[in-house]
Every structure is written in structure tokens, then in C-alpha cells.
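Q: below are the sequence and a predicted model for it; my questions follow.
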Amino acid sequence: MKNYIIGILLLVSQMFYAKTEKDTLYPNFRQYMFEFEDFCDACGCSASGGGMGFSSMLDQNFVGIRYMYQSYSSREGIFNNSPWIDENFNTIQVWARIPVAKNIQVSALMPYHFNSRTPSTGKQSIDGIGDITVLGFYTVYQNKADTLAFTHTLQAGAGVKAPTGTYNSANNGSVNPSFQLGTGSWDYLLAAEYVVKHKQWGFNAMLNYVFKTENNENYQFGDQFNYAGTFFYVIEKQKFTLVPQAGLAGEVYASNRQYGEDVPNTKGDILFGRGGFEVGMNKFSFGVNGMLPINQNLTGGKVEANYRLALNLNYSL
Amino acid sequence: MKFQLKNTIAVLAFTTLFVSCSNDDDSSSVVEGTTGDVELYFDNGVAGDALILGNTYTNSNNESLTINRLNYIVSNIVLIKEDGTEFTYPKEESYFVISEEGDLLTVHLEGVPAGDYTKVKFGIGVDEQRYLQGESEQQSFWDLAAQYNLTWTWSTGYRFINFEGTYTSPAVEGEKTFQVHQGSNSAIDNYREVTLTLPTTARVREDEMPNIHLKTDANVILDGVNKIKLADNINEAQTGTAIMGGENLISIAENTLQMFAVDHVHNGSHTGHGE
């Protein structure tokens, strides 16, 4: 644990050292390069929670904080008329995307979760630090904005998610196996992002895949595939930039496994529609995003996502 | 360049975090000669819904039943491994009452050899062999069964299932009582055994207790492969239906072969029953 804290402090302090110099090095920070980071970052990254969509950025490099809320309903019991209980997943996340070399950036996400639900046995709450994710991104392709009608950027990345969030198998006796702060396992990510822009219009496509491993309670959350496509429009005013956006985001989960066996009714998928906007002013940007499910089949129908909401405040580097 | 260097250091600092721990402790192996506990949790339902005593539901015989009692006996529990080897729980200890009204829903087994079990077999009711051992041999269980209305007199034996309440039917006027008392008599043995496949392995270890969560469907007692209409069996006074003997019990015995299924199995050291 001590190691993590030192590491995070190091990272954060580096970011603040860095910002004093970045303007000269990165004059094009206002490229309106949207980064829709969609790594399994909410609700302990466990089955029904992961890949909370969102967060477009006005800037390629930033440090920020975001708050995410996810509302679920879970069936408590095995019968058709078993009661549904509400589950609330809250996350406050410090995140950053910083350049480390030409064409290479590092993203870090450090979540803090506070989740609650009220089954018949009484209210349950869990809170604490979640799983920290670090990814490196490499810009595979980028053309220059000034000369062409269309600009394209393609980035690919890989990363790791550390089991800094507590996994408690006692929470697993219930229907929603994702009522956790973390997966308890070292998980690995591959990610790709593509952004195309034409005048004020833009489109961002994002794919990522999370390989999950077995934790020391012999539980393994299912691999997770996240995808999203989002259109955005840039309105530039004298004092600020406003960017409305709308799109689709989906998540596909493989079966969870325990002691090497598939746990029945744990695979699933969900498709969200999402919308929101970003406002940029000077070096700050503020964003709001909401997601509503269009189609879902999570945990054999025993868990339903209701909606998700995210707010973020970023400072561009 | 300074900027990039500093960031590179930060990343390196971070990377060192990821080379520390690994979890190779393999707690999955079976230690020969050790034993553990097993729980069977009987979650009583009716036609897919949870059984709530006093609630009314309509079966496919078009009769509406208000169930006020569901008690039954399960016995002779056998746990079966993938390779077919069986562990038979000691017969003297292998009789249990399940009662919705008494909130007696869990069977707790001890001294089960460590292993990975894939099937469970148990009897519904009390077998002839046990019954014929005589009353004094099984006094404590007899007393327990009596407490839950699962006995007649000793000479007529145990009730395997006691299913009671009231009903309405298009064929009869008003609300009538019903009593279904399943059992054997001197002529017919209605004791039956069911073998259920577990959806995932039940892992028994010294420090790991599987909880086998069964789903019971009381609806099939009358509305299973054999359809038994309560109204067809109403007494002469037209006050109610009591099914306690004859051909109906043979039909019910066959129906109850479909009464149980394993919904899921909890494994690990934190398994408790509940939902």
C-alpha cells in the first residue's frame, strides 16, 4: 500500500512540475482533441459497472477530477417476484493524461468509490480507493489540421489495472457480483481511439478490451470489451468553447469464473445512448455526460442499469 | 526535454509498483483425510415465484390456492463426485425437516470428505427401511417431525409432505380448505429419491463450505406431470379436500420428482445462506 501512495504522489507531483513548462512545448494544446476515456473505471470495474463511458476532453493533456454516479437495480432472490433493490455506485476519480515523449502519452486514473444498497437484511455500504489504472498511448497516425478538410488521429494504448481496491468475497453471496471496490486482480488493457474532424464536426471512436485475471479469492471477473462512438460539434466563442456531443457506448462481459468454473448468469452486455457537453475556458474545462441504457442483458437479467451521470473538471497541461 | 524526463521518471516510479505481488497460493487442492461442512438451502417457491404463506396463486388446473403450510422431509443425502464416487451421509443423521412456517430451510452437514462434488441425491420423505427400524430407533426425529405436523400415528407413519391451505375453483362454490398429506402406507411405498446436477462444483474443504441453493416448486405437487384437481377430490360434505391416500399419492410422488432444482452453489469460506 505504501508503494502505491508513494507512486501516486510521485506521479501527481510530476504533473504539477510539468505544467509550468508545457505551454512552450505544446503550443497546440487547444487542438480540440477529444479523448473519450472509457476504461473500466467505475464500480470497482467489476461486471456490471465497468467501462463507464465518457469524458471528452478539450485538450489532449490534462489533469482533472471527475465524479460518476451509476444507478442499478438488482434482484434480491431467485424468484420471479423477488424484490428489486437499488444500488448506488459513486466514484470520484482523479485522472490525468500527460505526454512523456513525442507521440507517447500516459494516462492514469485513480478512483475512490462509495457504494451502497439496501437489501432486506439492512443497508450495506462500501467505500474506499478503487483499482488504479495506468495506460500508455502511442499516436499511430495523425495528419495536420491546417491544410486538410479532414483530420485524423489514431492512437493505440496498453495498460494495467492494479488491485488497489478491496475485493471482498463476502459481498459475492448476493445477486450482483460487482458490488465491490475492485476486482482484486491484476488486469490488463488494450485500447484504441480514433478521432476524425471536419470543420466544426467531429467523431470519436473508441475500443478497449480488459483482460481480467484470477484474484486471490479464486474469483475472476469476466473479460470486458468496451466500445463507443460519439459525434461532437465545436462552437467557438470569444471567451469559451462549447462542445455538445452525443453517441452510443456499449459494454460486453464474459462470464465470471470461480475456481476455474464459469459462474452461471454472469456474462452480459449493455448498450447506452449518451449525451452531454463540454465547456472550455482558458485552461479549464467542465463536462457533463449522461448515459441511458437502450438495450441490456446483465447478470442473467438480475441486474439492471438505470442510468449514469458524470461531471468532470479538467485543467489542461 | 526536462519536462519529458520528469514525466518519464514518474512513469518509471509507477511501473515499479506493478512488479511486486503475485498470488500463486493454490487453495484449490484437496487434502486427503480432511473433512468439511456442506449446507443445502431450500428456497421454497411456487410456479417461479417465492412462496409466501397466505398469498394466493392460480395453477394450470385453474384452481386458486392460498398456501398456509409447506413442510416436508428430506433424507438420505448423498453427494456425488464427477467420477461417480458417492459419499453417503451417515443414515442415522440423514433426516431433516424443511418448514416454511418454521423458517427451517437449511440442512447442515458435517464431516463430509473434502472433494469436488457435482451432484446431490436425496429422498423425499422417509424410506421403508428406516421406518421399519421402529419408533424407538428414531424417536428424536419422530418428535421433530411431529412438531411440524409431519406425522400421523406411528402405525401409519410419517407425512413426507404437508401442504395445506384454502382454494377456490370454478367447479365448487366458495372457498374450501385443502390438505395434501403425502406419505406411504402398508401397500404402497411413496418414498422417492431425486438426483440433481449442480450448476457449478460444490467444493468441500476444511475451511470452505459450499452452500447449495435449491429452488423448490410447490406448484408441481398438484400441477406437475400429473394434474390433480382439488375440486375433483372434495369431500362429501363439500367443505374441503383432503388428499391423504390412494392413487393420488402415487401421482404426487411422481410429481415431486420435479419439485427440486439447484439454482446455484456458493463456494468459499464466506458462504452463508440468505437470498
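A: Cool, the structure landed.
Q: any idea how far chain B is from A:Ser178?
A: Separation of A:Ser178 from chain B (Cβ to the nearest Cβ, to the nearest Å): 16 Å. Using the backbone N, CA and C atoms, a C-beta is placed for each residue, glycine as well.
Q: cool, and A:Leu242?
A: Applying Cβ to the nearest Cβ, the value for A:Leu242 to chain B is 30 Å.
Q: helix or strand right after the helix or strand harbouring B:Asn162?
A: Using DSSP states H and E, B:Asn162 maps to strand B:161-168. Under the assignment DSSP H and E, the closest C-terminal helix or strand after strand B:161-168 is strand B:176-182.
Q: now for whichever helix or strand comes after that following strand, which elements pack on it?
A: Once the chain leaves strand B:176-182, the next helix or strand it forms, by DSSP H and E, is strand B:192-204. Here strand B:192-204 touches strand A:261-262, strand B:35-46, strand B:64-81, strand B:115-124, strand B:211-217, strand B:260-266, going by 3 or more Cβ pairs under 8 Å, 6 or more residues apart in numbering or on different chains; DSSP states H and E.
Q: the first one: partners in the sheet, and parallel or antiparallel?
A: The sheet places strand A:261-262 alongside strand A:257-258 (antiparallel), with pairing taken from DSSP bridges.
Q: what does the strand it pairs with rub up against?
A: Counting by Cβ atoms under 8 Å, 6 or more residues apart in numbering or on different chains, strand A:257-258 makes contact with A:Glu214, A:Asn218, A:Tyr219, A:Gln220, A:Gly222, A:Val263, B:Thr200, B:Asn267, B:Gly268, all of which sit outside it.
Q: for that strand, what is the average pLDDT?
A: Strand A:257-258 shows a mean pLDDT of 92.
Q: got the residues of the stretch 51-200 of chain B near chain A?
A: Residues of the stretch 51-200 of chain B that fall close to chain A, judged by Cβ under 8 Å from any Cβ of the partner chain: B:Pro199, B:Thr200.
Q: outline the domain layout of chain B.
A: Under the assignment automatic domain parsing, the domains of chain B span B:1-30, B:31-266.
Q: thinking again about what came up before, next, format the helices and strands packed on strand B:192-204 as a markdown table and append mean neighbour count and mean pLDDT.
A: Shown next, in a markdown table, are these (neighbours: other Cβ atoms under 10 Å in any protein chain shown; pLDDT from 0 to 100):
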| stretch | mean neighbour count | mean pLDDT |
| --- | --- | --- |
| strand A:261-262 | 16 | 93 |
| strand B:35-46 | 21 | 97 |
| strand B:64-81 | 21 | 98 |
| strand B:115-124 | 20 | 98 |
| strand B:211-217 | 23 | 97 |
| strand B:260-266 | 19 | 95 |
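Q: longest single strand anywhere in chain A?
A: Counting residues, the longest strand in chain A under DSSP state E turns out to be strand A:84-101.
Q: list the buried residues of that one.
A: Within strand A:84-101, the residues that qualify as buried are A:85, A:87-91, A:93-100, counting by 16 or more other Cβ atoms under 10 Å in any protein chain shown.
Q: pull the CA atoms of that strand into CSV?
A: The C-alpha coordinates for strand A:84-101 follow below in CSV (Å, rounded to 0.1, in the frame of the first residue of the first chain):
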residue,chain,number,x,y,z
TRP,A,84,-35.6,-5.3,-6.7
ILE,A,85,-33.2,-3.3,-4.6
ASP,A,86,-31.5,-0.1,-5.6
GLU,A,87,-27.7,0.0,-5.8
ASN,A,88,-25.8,3.3,-6.0
PHE,A,89,-22.3,3.4,-7.2
ASN,A,90,-20.5,6.7,-6.7
THR,A,91,-16.9,7.3,-7.9
ILE,A,92,-14.7,10.3,-7.5
GLN,A,93,-11.7,9.9,-9.8
VAL,A,94,-8.5,11.8,-10.2
TRP,A,95,-7.2,11.4,-13.7
ALA,A,96,-4.6,12.7,-15.9
ARG,A,97,-3.2,12.4,-19.4
ILE,A,98,0.3,13.6,-19.8
PRO,A,99,2.9,13.5,-22.6
VAL,A,100,6.1,11.7,-21.8
ALA,A,101,7.7,11.7,-25.3
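Q: quick one: strands adjacent to the helix or strand that that strand is followed by?
A: Next helix or strand after strand A:84-101 toward the C-terminus (DSSP H and E): strand A:104-117. Applying DSSP bridges, strand A:104-117 is found paired with strand A:84-101 (antiparallel), strand A:124-129 (antiparallel), strand A:132-142 (antiparallel).
Q: okay, those strands in TSV with distance to B:Thr256 next?
A: Output for those, formatted as TSV (distance: least, Cβ to Cβ, whole Å):
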stretch	distance to B:Thr256
strand A:84-101	31
strand A:124-129	37
strand A:132-142	52
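Q: in TSV, list these along with mean pLDDT and distance to B:Tyr191.
A: Shown next, in TSV, are these (pLDDT from 0 to 100; distance: least, Cβ to Cβ, whole Å):
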stretch	mean pLDDT	distance to B:Tyr191
strand A:84-101	90	40
strand A:124-129	92	43
strand A:132-142	91	58
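Q: roughly how far apart are A:Glu304 and A:Asp86?
A: To A:Asp86, A:Glu304 is 10 Å away according to Cβ to Cβ, to the nearest Å.
Q: do A:His198 as well
A: 43 Å.
Q: please apply the same query to A:Pro293.
A: Using Cβ to Cβ, A:Pro293 is found at 15 Å from A:Asp86.
Q: also A:Val63?
A: Counting by Cβ to Cβ - A:Val63 and A:Asp86 are separated by 33 Å.
Q: how many residues are close by residue 106?
A: Going with chain A. Number of residues near A:Val106 (other Cβ atoms under 10 Å in any protein chain shown) recorded here: 23.
Q: sorry, I should have been clearer: chain B.
A: 14.
Q: quick one: contacts for it?
A: Contacts for B:Thr106 were tallied using Cβ under 8 Å, 6+ apart; they are B:Glu39, B:Leu40, B:Tyr41, B:Phe42, B:His273.
Q: pick the one among these closest to chain A.
A: B:His273 (8.4 Å; Cβ to the nearest Cβ).
Q: if we can go back for a sec, give me the common contacts of A:Glu304 and A:Asp86.
A: Common neighbours of A:Glu304 and A:Asp86 (Cβ under 8 Å, 6+ apart) are A:Tyr72, A:Ser73.
Q: so where does A:Phe232 fall, helix or strand?
A: Assignment of secondary structure by DSSP H and E places A:Phe232 within strand A:224-233.
Q: please state the offset of that strand from the chain centre?
A: 11 Å (Cα atoms, centre = their mean, to the nearest Å).
Q: what do you get for stretch B:167-177?
A: Its chain's C-alpha centre and that of stretch B:167-177 lie 30 Å apart, by Cα atoms, centre = their mean.
Q: buried set for that stretch?
A: Using 16+ other Cβ under 10 Å as the test for burial, stretch B:167-177 gives B:Tyr167, B:Thr168, B:Ser169, B:Val172, B:Lys176, B:Thr177.
Q: helix, strand or coil for B:Ile250?
A: helix (DSSP: H, G, I helix; E, B strand; the rest coil).
Q: can you give me the distance of it to A:Asn90?
A: The gap separating B:Ile250 from A:Asn90 is 58 Å, by Cβ to Cβ.
Q: same question, B:Val120
A: 41 Å.
Q: can you check B:Leu198 too?
A: Here the criterion is Cβ to Cβ. By it, B:Leu198 lies 37 Å from A:Asn90.
Q: one more: A:Val106?
A: From A:Val106 to A:Asn90 the distance is 26 Å (Cβ to Cβ).
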